[in-house]
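# missing the sequence, but the structure's below:
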């Protein structure tokens, strides 16, 4: 008992084990809260609406479920058409306000859960493909717990810090060549050390899994653990007949086995190399080399060694294929691991563990080592390494964006001007669309992008400007015949005082793993559906053509949907507030700091344009005339009577398209000097 207590005290007190364990669990929990992104963010955004339908259909797919989806889809579609018609009839004077108020509640009640229905309908399309083993349930919790093959680098580092000194400390002393003084040498001492290490790893592994389970249970819920594993799309093609709960238990057991084999490797390298650096290097390379080496993800699960078991969830995936549109052949994305292969790998790794145990005992038979190690310098360097890792994970340099934001309107997403230049997208050559700028003093026009682009890079047809900074987005792709595969999206910041470029956001669009430890992942954003972009110091905002505005944190890369609007091509932003219309032609003001929404009163508009001092809009209630609302005191004035289709503004004028003759005009902001624009006029 005395030797057990001494080894525990040495591992957790002298070698600072308690510090490493505390840091691991503290930072792991922090990482979960900061970096965790739901597999399906639409469920989180539409929680109440989604669960309204999930409560009706949860469980297996039935004929009643099929009929419910058909009826609900028809009802929502008919209600949307009817609601639009009622608003149009009211604004055109065909019905009274009382008739409007009497008709709206029943229709709005039908479509109030529309967004939740869209989410559950996507799940319905998946379940109906194989209704025998796919059930309806809230998937985010189980997806977060099971649907990932990301290596726990924090646990990997913790095991290295805890286990490496166990035997290396014996060889770092100057007294390692003493003769035998005990009949059995240090054999019993070595057994005690190895048993203690295995016990500590078991406890830490179980606590780590319990922490993750508790997090996902608290954040998303882990209901219906008895449902089939294939209810999660990640395991949709799996042939294994397991429930969600049993998969979690098997996965946990395999991870525990993998961790134990890994620490046996660490101890084996310790007695072989007798050096800290060589032990750390050798132990790390057997994990990281196969983890990053293979393009085919399933390859790491067919190799002997601890990596496959430390990941574990891939053992439960099914075979997945992707059709090559050029060759029309099916390419393998993932090969399912058969049960016999899993049993064989378990046997091989168990033999490796037993071999390591025997070698360690052999090296300690009839050998006596004194142990006196100074750990101060070692502890300091380890703490530095740990915090350096945390820093690299969490830090992403921000660009120096001005606190005073220029006004952004998605209607004018192809142009921007500041004190010295006019920036716009030149589309005169459709095969070479590019952002250019015009010097206001000299009239000279130049390309905004100074460095020539690759033939496999395209610039998106929109820009965003703020003070002296201009932003554009580019896509890199591979080309095979007539087909293009987009690989990387980049948002570039250009400082127009020097025209230096900086990449402020970059995302691989054809992989789920980002460039650093898999922390940043895509959240199923359709990058080809982005219609415009704007930024501030903390976030990037993407306007997507499925009527959503998505926000990306420039610090963590985390993505969430903040707005769902019916008209995505009419968005404005002033640095804090996002303005957008709803289905009732009202203008909503969204506060990006408080995440609160305010409906601007007394405005019914088909289109609007935001300036620094006023909000210009087409008044749906007054024959599509142009009005303006002062942003400071909310006073509203009428600019002109003529009915118009659309409006834009610059510093001096309002530009509009008349409903009378469909021609373009320019008028002063006070409604004076109405001028017909000829071709080439500005």
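Yep, it's here. Quick caveat, the model's predicted, so the values are computed rather than measured.
# thought residue 152 was touching residue 312?
No - the pair residue 152 and residue 312 does not pass the contact test of Cβ atoms under 8 Å, sitting 10.7 Å apart. Quick note: C-beta positions are derived from backbone N, CA and C, even for glycine.
# So for those two, which residue has more residues nearby?
Between residue 152 and residue 312, counted using other Cβ atoms under 10 Å, the more crowded position is residue 312 (21 against 18).
# What sits closest to the more buried one if chain neighbours are left out?
Closest residue to residue 312 apart from its sequence neighbours, by Cβ to Cβ, 6 or more residues apart in numbering: residue 254 at 4.1 Å.
# burial count for residue 240?
Count around residue 240 with other Cβ under 10 Å applied: 20.
# Kindly state the neighbouring-residue count (a burial measure) for the nearest residue to it once chain neighbours are set aside.
Sequence neighbours aside, residue 316 is the residue nearest to residue 240 in space, at 5.8 Å (criterion: Cβ to Cβ, 6+ apart). Using other Cβ under 10 Å, residue 316 has 24 other residues around it.
# For residue 316, which residues are in contact?
Each residue near residue 316 by Cβ atoms under 8 Å, 6 or more residues apart in numbering is listed here: 146, 229, 235, 238, 240, 242, 247, 250, 251.
# Can you tell me which of these is closest to residue 346?
residue 250 (11.7 Å; Cβ to Cβ).
# could you measure the closest one against residue 531, distance?
45 Å (Cβ to Cβ, to the nearest Å).
# Residue 278 contacts residue 271, correct?
No - using Cβ under 8 Å, residue 278 is not in contact with residue 271; the gap is 11.6 Å.
# between those two, which one's more packed in?
Higher neighbour count among residue 278 and residue 271: residue 271, with 22 against 14, using other Cβ under 10 Å.
# quick one: the more buried one is in a helix?
Yes - Residue 271 forms part of a helix when assessed by DSSP: H, G, I helix; E, B strand; the rest coil.
# Give me the buried positions along stretch 299-319.
Neighbour counts over stretch 299-319 (16 or more other Cβ atoms under 10 Å) mark 300-301, 305-318 as buried.
# And the lowest mean pLDDT element among the helices and strands of the chain?
helix 376-394 (a mean of 44; mean pLDDT, DSSP states H and E).
# burial count for the residue lying closest to residue 222 once chain neighbours are set aside?
Leaving aside its chain neighbours, residue 222 sits nearest to residue 141 (4.5 Å; criterion: Cβ to Cβ, 6+ apart). By the other Cβ under 10 Å criterion, the neighbourhood of residue 141 contains 25 residues.
# From residue 147, how far off is residue 141?
Relative to residue 147, residue 141 is positioned 10 Å away (Cβ to Cβ).
# for residue 320, same thing?
For residue 320 relative to residue 147 (Cβ to Cβ), the value is 13 Å.
# Name the residues contacting each of the two.
Common neighbours of residue 320 and residue 147 (Cβ under 8 Å, 6+ apart) do not exist.
# In three-state terms, label residue 435 for me.
strand.
# Show me what it is bridged to.
residue 425 (DSSP bridges).
# That one reaches residue 471, doesn't it?
No - if you go by Cβ under 8 Å, residue 435 and residue 471 don't touch, sitting 9.7 Å apart.
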